[in-house]
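# What would the 3D arrangement of this be:
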Amino acid sequence: MKKIFLTILIWFSVFTLLLAQKIALLPIPQKVTYTGLSLRIDKKFNFDTPSSSLPLVQNGIKKFQNFWEKKTLQKVTNLNSQSNDLEVIIENDWKGESNSIEEYQVQIDSKIHLKAKTEIGILHGFETLAQLIQTDSLGYFLPQISISDWPRFEHRGLMIDVARHFIPTDQILRSLDAMAASKMNVLHLHLSDDEGFRIESKKFPLLHQKGSNGEYFTQEEIINIVEFASNRGIIVVPEFDLPGHSQSWFVGYPNLASEKKEYQIGPRFIIEEGKPFNMMMMSQLINSTPTPTINPTEEKTYQFLETLFKEMSALFPGPYFHIGMDENNGVAWRKNPKIQDFMKRKGIANEHDLQAYFGERLNQIVTKIGKQTLVWEEAYHSNMSKNMVIQLWKPAMMGKVLQSKEVVDNQQQVVISRGFYLDYFMPAYFHLMNPEFLQLKSDKGVLGGEAAIWTELVDKNNFELRIWPRAVAVATRLWSAKEEQQVEDFYDALSSFDLHLTSLGLQHHGQIEGHLKTLLQAELTETDRELFSLLVPSKGLKRLINSMTQPTSKQFSHFEQFADALPSDSFNKWKFRKLIKDYLVDTYNPAKKTTVMLQLRKWASLSDYVKNKSKSSPHLKSIIPLVDQISLCSRMLYDKLNLMNAQPDAQILAEISKLKKMNVADVECVISDELESILAGKLKEIDLKLSLF
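Down below sits the predicted model:
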């Protein structure tokens, strides 16, 4: 047993504090007991850190100390002569309440106690303590509380696509801080795709020199990212997506390709200017085009990949190596006579089986270099090596998709990203209530899951706002108990956690503010903020499909619309929902009715405001039809509650229904259900089956 003591010089008083509400913690701990008391901390705060402390714990202490000083503006001192008021214990043989090595226990009474089985558990405990720091009119305090906590799943990840649009190091590091705060422990970097090879290779330098437009991570930067992550208990998993999604490889090394031609980085499918194009035509293009695909029949391919994988694995000390294996239509193989001849000689029946052959060869390489292979679900077949971990992603609307039970029954482990795609612009509750996890009959064989942010419609200017704070919903679903399904309570906690993320240095709000100011060519007013709190990007795949069917020259280049500046969720919606819920309980209460009417009157005036402001901010013209409809519905409901000039309910309902369906400049309104609830006299249930179309 190892004991580590931190000394805090605290001039404190313990007194009865009737907490108005439980402190919101995310992810939601497994067990929490409140006493109703608090431990009040004065300005003096002292750490006495023994030199024998484990390095990871030392890093955790320093990180917590820095956070404390930033949040409280109180400098930490170091006086080793004082008694111990915060105790940190690592007890390797502590049984705890779970089998998880990440379990920790926090207890606050007249002292602060933090106990865990491992260093990782201690880091989680410090993240919880950071959330527990509270303030009131008297200053800062900690609630007297007892927490026993451990994760439901061991693999809790975030996949970041840095290939479509490169995401610079500073933003990756900020997201790692947010991941640690959310108790996520896997950063999955999608490092290569048709649009870019984003890491320096000293063995094959043409990969990044010709395949990246100059935007890539140097090996030194990767080493720093991996170390930064490791200090927060996070492993980094590299992904090199093969055999398809590999056009960037062939710019420098065309002999690796199945189709011999000159290659350039960029989207796989070229859509010409001036020609009509729709989703049906796109589907035909996807299925019939010989997309850039590596040649799996040449031994030189495997020699190249083994050399590259050895080089890359040295930069990523974690246990996993991801080789992709998704969305290969096999057409390039079908059209290559030499590849077809190889298949006949080897008795390989079809292109799917050839992909399986390729996957097994790569798995041998990955195993040889001491890693475990991760693959996307298209690689799955019942005879594949059992050590390969399958990552599920395809949404159910794509027809028959691979289910976790089938994988587990095949004695393989699974990671689930289905329902966790952040680039689908779905609200946080969609991810929190992911049926893939809520409907699991058994967690056996399921390592966990990963949020995923693909960057076709994301770049460095909106990257953080596209992930945070929504990814916390994924972190909560992967850490917290299955029974934690209270959506409105979750949003209360998420609102607090959002402030916590900002205090950690996340710039998602800055990205929103800066982007909107650029669009408006003016400082944001409170009315502007009120307006944009009602709007979100169109949900689901609509934006991506709209972009994919545009000429290639107009796709994925820059993002300068309101839809690119807005988060995919609105805390204002949930505030308004609580307001309506409270009103509907007692519709005869004049104060509650007046509060609702004042809000409606404010929204009713938005139309005139936007039309007037659009004279100097012309980008606003694109959303005027949507704002007009919001104002119309708000005004009609105001008149209804005011009992003056009220329109028939059917007419009001028709206008609200019209608002629900409106998609203007890839933007939609988030409060239509709540507006409808006023008319119905009953709060509408949250729609947990949101369509991706």
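
# Point out where this protein drops to low pLDDT.
1-21, 43-52, 78-79, 81-85, 554-558 (pLDDT under 70).

# which residue is nearest the centroid of it?
Among the residues of the chain, the one closest to the centroid is residue 471, at 3.3 Å (CA atoms, centre = their mean).

# State the number of residues packed around the closest residue to it other than its chain neighbours.
Distances taken as CB to CB, 6 or more residues apart in numbering put residue 451 closest to residue 471, at 4.7 Å, once the chain neighbours are dropped. Yep, even glycine has a C-beta here, placed from its N, CA and C like the rest. Neighbourhood size, residue 451 [other CB atoms under 10 Å]: 28.

# picking that back up, pretty sure residue 182 is one of the things the residue nearest to the centre of the chain touches, is it not?
Yes: counting by CB atoms under 8 Å, residue 471 touches residue 182, with 6.8 Å between them.

# And the strands in the stretch 401-550 of the chain, which stretches?
414-416, 446-453, 535-537 (DSSP state E, counting those that start in this stretch).

# So in terms of bridging, what pairs with the residue nearest to residue 471?
residue 158 (DSSP bridges).

# Now do the contacts for it.
Residues counted as contacts of residue 451 (CB atoms under 8 Å, 6 or more residues apart in numbering) are 157, 158, 159, 417, 420, 421, 422, 431, 467, 471, 474, 475.

# And the buried ones among these, selectable in PyMOL?
The following PyMOL line selects those of these that are buried, judged by 16 or more other CB atoms under 10 Å:
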select buried, resi 157+158+159+417+420+421+422+431+467+471+474+475
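
# Which ones among the contacts of residue 451 map onto helices?
431, 467, 471, 474, 475 (DSSP state H).

# For the third one, which residues are in contact?
When contacts are counted by CB under 8 Å, 6+ apart, residue 471 touches 158, 178, 179, 182, 184, 422, 451.

# what's near enough to touch residue 603?
Counting by CB under 8 Å, 6+ apart, residue 603 touches 530, 534, 630, 631, 634.

# unless I'm mixing things up, the fourth one is touching residue 602, no?
This points to residue 631. No: using CB under 8 Å, residue 631 is not in contact with residue 602, being 10.0 Å away.

# who's more crowded, the two?
Shown here are residue 631 and residue 602; by other CB under 10 Å, residue 631 has more neighbours (20 against 14).

# Identify the residue spatially nearest to the more buried one, adjacent ones excluded.
Per CB to CB, 6+ apart, closest to residue 631 is residue 607, 3.6 Å.

# Now do the one helix or strand the one you found maps to: which elements does it pack against?
Using DSSP states H and E, residue 607 sits in helix 606-613. Packing partners of helix 606-613 (3 or more CB pairs under 8 Å, 6 or more residues apart in numbering; DSSP states H and E): helix 526-532, helix 624-642.

# The first one packs against which elements?
When you say that, I think you mean helix 526-532. Against helix 526-532 (3+ CB pairs under 8 Å, 6+ apart) you get helix 508-520, helix 606-613.

# Nearest to residue 220, out of those helices?
Residue 220 lies closest to helix 508-520 among the helices and strands packed on helix 526-532, at 26.8 Å (CB to CB).

# what angle separates the host helix or strand of residue 653 from helix 624-642?
Residue 653 is part of helix 649-661, with elements assigned from DSSP H and E. Per axes from the mean of the first three to the mean of the last three CA atoms, to 10 degrees, the angle that helix 649-661 makes with helix 624-642 is 150 degrees.

# Please save the CA atoms from helix 649-661 in CSV.
Provided in CSV are the C-alpha atoms of helix 649-661 (Å, rounded to 0.1, in the frame of the first residue of the first chain):
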residue,chain,number,x,y,z
ASP,A,649,-56.0,26.9,-32.1
ALA,A,650,-56.0,25.0,-35.5
GLN,A,651,-54.4,28.0,-37.2
ILE,A,652,-51.8,28.5,-34.5
LEU,A,653,-51.0,24.8,-34.6
ALA,A,654,-50.6,24.9,-38.4
GLU,A,655,-48.0,27.7,-38.1
ILE,A,656,-46.1,25.9,-35.4
SER,A,657,-46.1,22.8,-37.6
LYS,A,658,-44.7,24.9,-40.4
LEU,A,659,-42.0,26.2,-38.1
LYS,A,660,-41.0,22.6,-37.2
LYS,A,661,-40.4,21.7,-40.8
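
# Can you name the next helix or strand after that helix?
strand 667-669.

# Restrict whichever helix or strand comes after that following strand to CA atoms and write it as CSV.
Where DSSP H and E defines the elements, the next helix or strand beyond strand 667-669 is helix 672-680. C-alpha atoms of helix 672-680 as CSV (Å, rounded to 0.1, in the frame of the first residue of the first chain):
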residue,chain,number,x,y,z
SER,A,672,-41.2,24.4,-31.6
ASP,A,673,-42.2,21.5,-29.3
GLU,A,674,-42.3,23.9,-26.4
LEU,A,675,-44.4,26.4,-28.3
GLU,A,676,-46.8,23.6,-29.2
SER,A,677,-46.9,22.5,-25.5
ILE,A,678,-48.4,25.9,-24.6
LEU,A,679,-51.2,25.4,-26.9
ALA,A,680,-51.7,21.7,-26.0
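
# Report the buried residues of helix 672-680.
Applying 16+ other CB under 10 Å to helix 672-680 flags 672, 673, 674, 675, 676, 677, 678, 679 as buried.

# Do you have the helices of the stretch 451-600 of the chain handy? List them.
For the stretch 451-600 of the chain, applying DSSP state H, counting those that start in this stretch gives helices covering 463-467, 471-479, 487-503, 508-520, 526-532, 542-548, 562-565, 571-585, 590-604.

# likewise the stretch 201-350 of the chain?
Under the criterion DSSP H, counting those that start in this stretch, the stretch 201-350 of the chain contains helices at 206-210, 219-230, 247-252, 279-288, 299-313, 331-334, 337-346.

# Deepest in the core, which of the ones you listed is it.
helix 247-252 (a mean of 24; mean count of other CB atoms under 10 Å).

# Packing partners of the helix holding residue 653?
Short answer (3+ CB pairs under 8 Å, 6+ apart): helix 649-661 packs on helix 624-642, helix 672-680.

# if I look at the closest residue to residue 252 other than its chain neighbours, how far off is residue 309?
In space, and not counting its chain neighbours, residue 252 is closest to residue 206: 2.7 Å by CB to CB, 6+ apart. Using CB to CB, to the nearest Å, residue 206 is found at 17 Å from residue 309.

# Just want the angle from the host helix or strand of residue 65 to helix 219-230.
Element membership for residue 65 (DSSP H and E) is helix 55-72. Using the same axes, to 10 degrees, the inter-axis angle of helix 55-72 relative to helix 219-230 is 80 degrees.

# Please compute how far helix 55-72 lies from its chain's middle.
25 Å (CA atoms, centre = their mean, to the nearest Å).

# Residues contacting that helix, please?
4, 6, 45, 47, 49, 53, 74-76, 88, 90, 119-120, 122-123, 126, 129-130, 133, 140, 231-233, 503-504.

# Now that helix: buried residues?
So for helix 55-72, counting by 16+ other CB under 10 Å, buried means 56, 57, 58, 59, 60, 61, 63, 64, 65, 67, 68, 72.

# do stretch 624-644 as well
For stretch 624-644, by 16+ other CB under 10 Å, it's 626-641.

# how many other residues sit next to residue 112?
23.

# Residue 435 too?
Residue 435, neighbours per other CB under 10 Å, totals 12.

# tell me the contacts of the closest residue to it other than its chain neighbours?
Take residue 435 and drop its neighbours on the chain: the residue closest to it by CB to CB, 6+ apart is residue 419, 6.9 Å away. Contacts for residue 419 (CB under 8 Å, 6+ apart) come out as 395, 430, 431, 434, 435, 436, 437.

# Could you identify which of those residues has the most neighbours?
Counting neighbours by other CB under 10 Å, residue 430 comes out on top of the contacts of residue 419 with 26 neighbours.

# pretty sure residue 307 is touching residue 203, no?
Yes: applying CB under 8 Å, one finds residue 307 in contact with residue 203, separated by 5.4 Å.
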